[in-house]
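[1] Let me see the structure of the following:
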Amino acid sequence: VFDDEEESKLSYTEIYQEYQALVEKLLEDYLKEVGINEEKFQEAFSSPLARTHTSQAILQTVLAAEDFRLFKKMMVQKNIEMQLQAIRIIKERNGVLPDCLTEGSDVFSEIEQEEMKILREVLRKSKEEYEIEQERKRAEE
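    You can find the predicted model right below:
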C-alpha cells in the first residue's frame, strides 16, 4: 500500500494505528513471558548495547510504532524489497525479464497504444463535460 510520495494517505494512518496496537500487544506479552517490567525494558532499550547497528535494526520495528515517519520509511523499504523479490522470482522462472522490466523501458503493443489514445480522449471529454457542468451550476447560482 505504501509508496514514496511526500503526502501520506488516510489508509496509512489506519494501518499505522493497527501496527501500533500489534507492537504494543506483542511487547506486553513478551515482557510478561520473560518476566521483565516496563522500567527494566526502558533501561535496556536505552543502554549502550541497544545502540549497536544490529540492535538498532532489530529495535527499528519497535521504534516505528512511536514514529510515523520511521514507520512509513520502513514500509516503503519493505515494498521495494518485495518488488525486487518478485522480479528475481520472475527471472528465475522465465530465465529472462520481460522488456518492460529492463532498462526502465516500457514497451507497449500497438493495441495498448491505441487503448491509451482512447483513454486520453475519454478523459479529455470527461473533463470538458465536467467544466461545462460546473460553469452551468455557477451560472444558475
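[2] Show me the shaky parts of the chain.
    54, 97-113, 116 (pLDDT under 70).
[3] list the contacts for Asp67?
    Contact partners of Asp67, counting by Cβ atoms under 8 Å, 6 or more residues apart in numbering, are absent. No exception for glycine: its C-beta is placed from N, CA and C like everyone else's.
[4] same thing but at 10 Å, please
    16, 60, 73-74 (Cβ atoms under 10 Å, 6 or more residues apart in numbering).
[5] Repeat that for Glu28.
    Glu38.
[6] State the pair within the contacts of Asp67 that is farthest apart.
    Greatest spatial distance among the contacts of Asp67 (Cβ to Cβ): Tyr16 and Gln60, at 14.8 Å.
[7] So if I had to pick from those two, which one is more boxed in?
    Under the neighbour definition other Cβ atoms under 10 Å, Tyr16 and Gln60 were set side by side, and Tyr16 has more, 18 against 15.
[8] any idea how the protein splits into domains?
    Domains of the chain are assigned by the TED database as 10-101, 105-140.
[9] quick one, which of these is nearest to Phe2?
    domain 10-101 (3.9 Å).
[10] Nearest to Arg136 among the contacts of Asp67?
    Of all the contacts of Asp67, Arg136 sits closest to Tyr16, with 42.3 Å by Cβ to Cβ.
[11] Deepest-packed of the domains of the chain, please.
    Highest mean neighbour count of the domains of the chain: domain 10-101, a mean of 12 (counted as mean count of other Cβ atoms under 10 Å).
[12] In contact with Thr52, which residues?
    Per Cβ under 10 Å, 6+ apart, neighbours of Thr52: 58-59.
[13] Off-centre distance for the host helix or strand of Ile90?
    If you go by DSSP states H and E, Ile90 is part of helix 68-94. Distance, stretch centre to chain centre, for helix 68-94: 10 Å (Cα atoms, centre = their mean, to the nearest Å).
[14] go on, stretch 117-124?
    Offset of stretch 117-124 from its chain centre (Cα atoms, centre = their mean): 29 Å.
[15] How about stretch 19-37?
    Computed by Cα atoms, centre = their mean, the chain-centroid distance of stretch 19-37 equals 25 Å.
[16] re the thing from before, dump the contacts of Asp67 to CSV, plus distance to Ala44.
    Output for the contacts of Asp67, formatted as CSV (distance: Cβ to Cβ, whole Å):
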residue, distance to Ala44
Tyr16, 25
Gln60, 16
Lys73, 24
Met74, 22
